[in-house]
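[1] Need the 3D shape of this:
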Amino acid sequence: MASTSTTEAPSKSSASAAEPRRPLGVLDPRSWLRPSAVTTEDGTRAGHTGIVDRILDLGIYVALIALVLYFAIASPYFLTQRNLINVGYAVAVTGILAAGMTIALIAGQLDLTVGANVGLVTVTVALLITNGYSPVIAVLAGLAVGAVIGLCNTVLVVRLGINSIIATLAFSLALRGLALILTNGQVKPLVKPQLQDFITARFLGIPVSVYVLIVVFLVAWVVLSFTRSGWHIYGVGGNASAALRSGIRVRRVYMAVFMSTGILAAIGGVITAGNAGSGGPNYANGTEFDVLTAVLLGGIGLAGGSGKMQRTLAGVLVIGVLNNGLTLLSVDTYYQQLARGAVFVLAVILGAISERRRAR
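    Numbers count the residues shown, from 1 in each chain. Model prediction:
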């Protein structure tokens, strides 16, 4: 155990003279409200840092509340129980994928195969059921496909040393091509209704997919916040070299991260197949952008080492509320696309600001 010592506190008049100069960019831990939280190169302190950090930290929740209040006033149908459940139903798959993406980004990686993963899993499930396999076998096979995709990403990024953005983007194109080959570009219906009946069932009026979303976020939050594996993910994302020197098996952490994103995307694929009653090679096309928007809105930076699962959930809900509210107000789909693009740009800007402030 390290020994501790106490010293007499300096008087108020001599405190400033005795205080050593902090290194560049070191945050003042004594106050988040004081506008002198960061020491600059000339020895002065940057103003309003603590307040801006607090605004950035709470901004996603303020934005969510503001959107809810606006659409509640603009449409009498928004706050109805049925519509709120529809919001959860609409964001379930995106939220599940975003949970996996959050884990990957905290570890300093990025997985752009999630959308193609969903499409291939829907195809796998539909083809197996069409060929006489039980829905249980088809679902297990779909989850196995997701795990294999995660393992392949691990090989590309960890073993071969390819940048995760390039590797997963290229691999996603290959996965889309494989799904098109398997289906000849056609949508394959689920010939047995059991899976669709289960996925679309409601308990206490809430769809199964919403329960899955809640469970995924709870498990991910517990793992990241209270387990050694979660601490290792943060450590590797913050500084992989230091984590390796401290005894953390960095490659194993990366493999667990990519396996998690792959399996969670596969769960999203199973839900998508059940909701649609079919599998299609182009299902979830472009979903990775909605996922990234939600994660970046939540303040999860691309550099790794920081982020909270509850903030990602807030980002997912912002997207869901925005899409739902614009639909209720009968906004033209072109303008809805413009709004989603603007939100994505805003998310990227906020992510860049957060990264820059964390690096100071």
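
[2] what residues are up against the residue positioned nearest the centre of the chain?
    Nearest to the mean C-alpha position of the chain, counting by C-alpha atoms, centre = their mean, stands Ala98 at 3.0 Å. The neighbours of Ala98, taking C-beta atoms under 8 Å, 6 or more residues apart in numbering as the test, are 291, 294-295, 312-313, 315-316. Bear in mind the C-beta positions are built from the backbone N, C-alpha and C, glycine included.

[3] Quick one: residues contacting the closest residue to Arg202 other than its chain neighbours.
    Once flanking residues are discounted, Arg202 sits nearest to Val208: 7.5 Å by C-beta to C-beta, 6 or more residues apart in numbering. Val208 is in contact with 198-202, 271, counting by C-beta under 8 Å, 6+ apart.

[4] separation between Val208 and Ala92?
    Separation of Val208 from Ala92 (C-beta to C-beta, to the nearest Å): 9 Å.

[5] which residues do these two both contact?
    What both Val208 and Ala92 touch, as defined by C-beta under 8 Å, 6+ apart, is the set Ile271.

[6] hey, where'd the strands end up in the stretch 201-350 of the chain?
    Using DSSP state E, counting those that start in this stretch, the strands of the stretch 201-350 of the chain run over 202-203, 206-207, 278-279.

[7] For stretch 157-174, give the mean pLDDT please.
    Stretch 157-174 carries an average pLDDT of 93.

[8] Now that stretch: buried residues?
    157-158, 162, 164, 167-169, 171-172 (16 or more other C-beta atoms under 10 Å).

[9] isn't Ile129 right up against Pro193?
    No - using C-beta atoms under 8 Å, Ile129 makes no contact with Pro193, being 9.9 Å away.

[10] Neighbour count for these two, which is higher?
    Applying other C-beta atoms under 10 Å to Ile129 and Pro193 shows that Ile129 carries more neighbours, namely 25 against 12.

[11] And what about the more buried one, helix, strand or coil?
    Following DSSP: H, G, I helix; E, B strand; the rest coil, Ile129 is assigned to helix.

[12] ok, now Gly132?
    Classification of Gly132 using three-state DSSP returns coil.

[13] Report how many residues lie close to it.
    Using other C-beta under 10 Å, Gly132 is surrounded by 9 other residues.

[14] ok, it to Leu195 distance?
    Distance from Gly132 to Leu195, by C-beta to C-beta: 14 Å.

[15] and what of Ala170?
    As judged by C-beta to C-beta, Ala170 and Leu195 stand 31 Å apart.

[16] Next: Val158.
    Val158 is 34 Å from Leu195, by C-beta to C-beta.

[17] go on, Leu175?
    22 Å.

[18] Can you show me the helices along the protein?
    Secondary structure of the chain (DSSP state H): helices at 12-18, 49-74, 81-106, 114-130, 135-154, 164-183, 194-199, 208-226, 228-238, 240-245, 250-276, 287-297, 309-328, 333-359.

[19] Nearest approach to Ala303 belongs to which of the ones you listed?
    Closest approach to Ala303 among the helices of the chain (C-beta to C-beta): helix 333-359, 5.3 Å.

[20] buried ones in stretch 237-254?
    By neighbour count on 16+ other C-beta under 10 Å, the buried set for stretch 237-254 is 237-238, 240, 243, 248, 250, 253-254.

[21] Could you export that stretch as CSV, keeping only the C-alpha atoms?
    C-alpha atoms of stretch 237-254 as CSV (Å, rounded to 0.1, in the frame of the first residue of the first chain):
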residue,chain,number,x,y,z
GLY,A,237,-8.7,2.6,-26.5
GLY,A,238,-7.0,5.3,-24.5
ASN,A,239,-3.4,4.0,-25.1
ALA,A,240,-2.9,0.6,-26.6
SER,A,241,0.9,0.6,-26.0
ALA,A,242,0.5,1.5,-22.3
ALA,A,243,-2.2,-1.1,-21.9
LEU,A,244,0.1,-3.8,-23.4
ARG,A,245,2.9,-2.8,-21.1
SER,A,246,0.5,-3.1,-18.1
GLY,A,247,-0.3,-6.7,-19.0
ILE,A,248,-3.5,-6.3,-20.9
ARG,A,249,-3.8,-8.7,-23.8
VAL,A,250,-4.6,-6.1,-26.4
ARG,A,251,-5.3,-8.5,-29.3
ARG,A,252,-7.7,-10.4,-27.2
VAL,A,253,-9.6,-7.3,-26.3
TYR,A,254,-9.8,-6.3,-30.0
